[in-house]
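J.: Sharing a sequence plus its predicted fold:
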Amino acid sequence: MTIWGQEMPGQFAVPMLQPEDVIPHLARGRKHWRDGRSAKELARRWWEAGGFPPSVETLLRRCPEWNGVVFIEAKFEHRTDLGTPGRASQTDLLVIASTSEGNGIVAVEGKADESFGQVVEAWLAKGVDQNNAAHRIGGIASTPGKIARLESLCRILKLDIKSALVLRYQLLHRTVAALLEAKRFGCHQALVLVHHFSADADSSASSLSDFVQFGEAVGAPISGVDPISQPVVLDGVQLRLAWVEDNCNPRHGIGVRELIFALGMARCFEGVENELARYWQLRFAILTELFGLPGAWEEDKSRTPRMLLSLAQAICDIGFFESFLEYSWMPGEREIYEQHKVNVEAREELYREALLDFAEELLLKYWPNVQGKRFTEEELISKGLSASEPDSIDFI
């Protein structure tokens, strides 16, 4: 069994030695690597299983073509060029497996109470003047690049444009990415699998409803009894959709490093008024209470070194490539970027870890009473925190 990190230029892959090797390849690095959230839960669960986790194996036995499947290799945070303007689709975990009918692709999307993001209509209209835009699709004003992408996605998925407007955009491009990767690897079947982690079964209801709606739209319906869909042939590939639930790993929880990170994020958003800022300011306030720290402890210069604030902000600010959300490449620029991106991000992560070590020791020196304390995400939610962190891309 082999699990890889993201591909390097020239299609070479980097073998992983531990789950944390995924961090440099996440869309926002350390900011997506948190106990109880999907990136960390997914990496740990599949890594510890050494292949398909038990819950996934049980699900795969339910359909003939996937029963007896053998895990070959996998790639975390695998990027697929969709062949249209815009960013690549980044699959959380792309698995190549051997089945009774030949090799197949399993595209895994990890979720831990997170949503599937914007519906297509909102994604199309975002940032566009609806009164003066020259380009429209399905009655919605948008950009030529987004229109070209949506038309391509709908063509591959055999979707009517108007019916696609109410679906979650993430589900469209992730599914097309799975189909394209199946064709690239010469596979005749693909499975799009949502691996959902939660301590509360009811918390998945909204996302599961969106997933079921998408399955019905593309002709791969999921019944309420069986969490794996009927097959549908799209773009020459037999596709199934599936949903599997697992509890969050009880061994992990929110500790001192999360408190430091929340402090840094709250300070980064100081003076800002939007949903993302309120989320991090409230998260820090709740953690302060849970850890038994007094109000405004971070500003108490007699008991908290000022250096801790600077460290916390620096930990959250690391990430040279995070500001490159939409970018038009100069000739030859992208190739050079791809050659250096992974190395730069890996070194950024080493630097972030060193700062976290420094900040943690400093915090425990002056506030030793917080040592060893850990909390669950559910405890934060019970105190009023949103169950899902707002998508940072909407506020940058």
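T.: Cool, got the structure.
J.: Run through the neighbouring helices and strands of the helix or strand encompassing Arg149.
T.: Arg149 is located in helix 144-157, with elements delineated by DSSP states H and E. Helices and strands touching helix 144-157, as assessed by 3 or more C-beta pairs under 8 Å, 6 or more residues apart in numbering; DSSP states H and E, comprise helix 120-125, strand 136-137, helix 161-164, helix 169-184. For every residue, glycine as well, the C-beta is placed using N, CA and C.
J.: tell me which residues in it are buried?
T.: 146-150, 152-154, 156-157 (16 or more other C-beta atoms under 10 Å).
J.: for stretch 215-233, same thing?
T.: Buried-residue list, stretch 215-233, by 16+ other C-beta under 10 Å: 215, 217-220, 222, 227-229, 231-232.
J.: Do a quick rundown of the helices in the chain.
T.: For the chain, applying DSSP state H gives helices covering 38-49, 54-60, 120-125, 144-157, 161-164, 169-184, 205-218, 256-268, 275-290, 306-317, 333-366, 377-382.
J.: what about dumping the CA coordinates of stretch 257-272 to PDB?
T.: Provided in PDB are the C-alpha atoms of stretch 257-272 (Å, rounded to 0.1, in the frame of the first residue of the first chain):
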ATOM      1  CA  ARG A 257      -1.800  24.900  19.900                       C
ATOM      2  CA  GLU A 258      -5.400  25.500  18.800                       C
ATOM      3  CA  LEU A 259      -5.700  28.300  21.400                       C
ATOM      4  CA  ILE A 260      -2.500  29.900  20.000                       C
ATOM      5  CA  PHE A 261      -3.800  29.600  16.400                       C
ATOM      6  CA  ALA A 262      -7.200  31.100  17.400                       C
ATOM      7  CA  LEU A 263      -5.400  34.000  19.100                       C
ATOM      8  CA  GLY A 264      -3.500  34.700  15.900                       C
ATOM      9  CA  MET A 265      -6.500  34.600  13.700                       C
ATOM     10  CA  ALA A 266      -8.500  36.800  16.100                       C
ATOM     11  CA  ARG A 267      -5.700  39.400  16.000                       C
ATOM     12  CA  CYS A 268      -5.400  39.100  12.200                       C
ATOM     13  CA  PHE A 269      -9.100  40.000  11.900                       C
ATOM     14  CA  GLU A 270      -9.000  42.800  14.600                       C
ATOM     15  CA  GLY A 271     -11.200  45.700  13.500                       C
ATOM     16  CA  VAL A 272     -12.800  43.700  10.700                       C
END
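J.: Now tabulate the buried residues of stretch 215-233 in TSV and tack on pLDDT.
T.: Shown next, in TSV, are the buried residues of stretch 215-233 (pLDDT from 0 to 100):
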residue	pLDDT
Gly215	95
Ala217	96
Val218	96
Gly219	95
Ala220	94
Ile222	86
Pro227	83
Ile228	90
Ser229	92
Pro231	93
Val232	96
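J.: Among these, which ones are in strands?
T.: Under the assignment DSSP state E, these contribute Val232 to strands.
J.: would a markdown table of the buried residues of stretch 215-233 with distance to Pro54 be doable?
T.: Listed next are the buried residues of stretch 215-233 as a markdown table, based on distance: C-beta to C-beta, whole Å:
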| residue | distance to Pro54 |
| --- | --- |
| Gly215 | 24 |
| Ala217 | 31 |
| Val218 | 28 |
| Gly219 | 30 |
| Ala220 | 24 |
| Ile222 | 21 |
| Pro227 | 15 |
| Ile228 | 16 |
| Ser229 | 21 |
| Pro231 | 24 |
| Val232 | 27 |
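J.: any idea which of the helices and strands packed on helix 144-157 is most buried?
T.: Neighbour counts (mean count of other C-beta atoms under 10 Å) averaged over each of the helices and strands packed on helix 144-157 peak at helix 169-184, with a mean of 22.
J.: re the thing from before, for His78, find the nearest of the helices and strands packed on helix 144-157.
T.: helix 169-184 (7.5 Å; C-beta to C-beta).
J.: Compute the inter-axis angle for the closest one and helix 144-157.
T.: Using axes from the mean of the first three to the mean of the last three C-alpha atoms, to 10 degrees, the inter-axis angle of helix 169-184 relative to helix 144-157 is 60 degrees.
J.: contacting residues for Arg283?
T.: Counting by C-beta atoms under 8 Å, 6 or more residues apart in numbering, Arg283 makes contact with 262, 265-266, 380, 385.
J.: Where among the helices and strands packed on helix 144-157 is average confidence lowest?
T.: Among these, strand 136-137 has the lowest mean pLDDT, at a mean of 82.
J.: Burial check on the residue lying closest to Gln281 once chain neighbours are set aside, number of neighbours?
T.: Closest residue to Gln281 apart from its sequence neighbours, by C-beta to C-beta, 6 or more residues apart in numbering: Ala266 at 5.0 Å. Using other C-beta atoms under 10 Å, Ala266 has 23 neighbouring residues.
J.: Count the neighbours of Gly292 for me.
T.: Gly292: 11 neighbours (other C-beta under 10 Å).
J.: Spatially nearest residue to it, not counting backbone neighbours?
T.: Per C-beta to C-beta, 6+ apart, closest to Gly292 is Asn369, 6.2 Å.
J.: picking up where we left off before, let's have the helices of the chain in TSV, adding distance to Leu191.
T.: Below are those laid out as TSV (distance: least, C-beta to C-beta, whole Å):
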stretch	distance to Leu191
helix 38-49	15
helix 54-60	8
helix 120-125	23
helix 144-157	15
helix 161-164	22
helix 169-184	8
helix 205-218	12
helix 256-268	33
helix 275-290	33
helix 306-317	36
helix 333-366	27
helix 377-382	28
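J.: And those helices: which comes nearest Pro390?
T.: helix 275-290 (4.6 Å).
J.: Just the mean pLDDT for the closest one, thanks.
T.: This predicted structure assigns helix 275-290 an average pLDDT of 93.
J.: send the alpha carbons of that helix over as PDB?
T.: Taking Å, rounded to 0.1, in the frame of the first residue of the first chain, the C-alpha atoms of helix 275-290 are listed here in PDB:
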ATOM      1  CA  GLU A 275     -18.700  36.600   9.200                       C
ATOM      2  CA  LEU A 276     -15.200  35.100   9.100                       C
ATOM      3  CA  ALA A 277     -13.900  37.700  11.500                       C
ATOM      4  CA  ARG A 278     -16.800  37.100  14.000                       C
ATOM      5  CA  TYR A 279     -16.200  33.400  13.700                       C
ATOM      6  CA  TRP A 280     -12.500  33.600  14.800                       C
ATOM      7  CA  GLN A 281     -13.100  36.300  17.400                       C
ATOM      8  CA  LEU A 282     -15.800  34.100  19.000                       C
ATOM      9  CA  ARG A 283     -13.800  31.000  18.700                       C
ATOM     10  CA  PHE A 284     -10.900  32.600  20.600                       C
ATOM     11  CA  ALA A 285     -13.300  34.000  23.300                       C
ATOM     12  CA  ILE A 286     -14.800  30.500  23.800                       C
ATOM     13  CA  LEU A 287     -11.400  28.800  24.000                       C
ATOM     14  CA  THR A 288     -10.300  31.400  26.500                       C
ATOM     15  CA  GLU A 289     -13.300  30.500  28.700                       C
ATOM     16  CA  LEU A 290     -12.800  26.700  28.300                       C
END
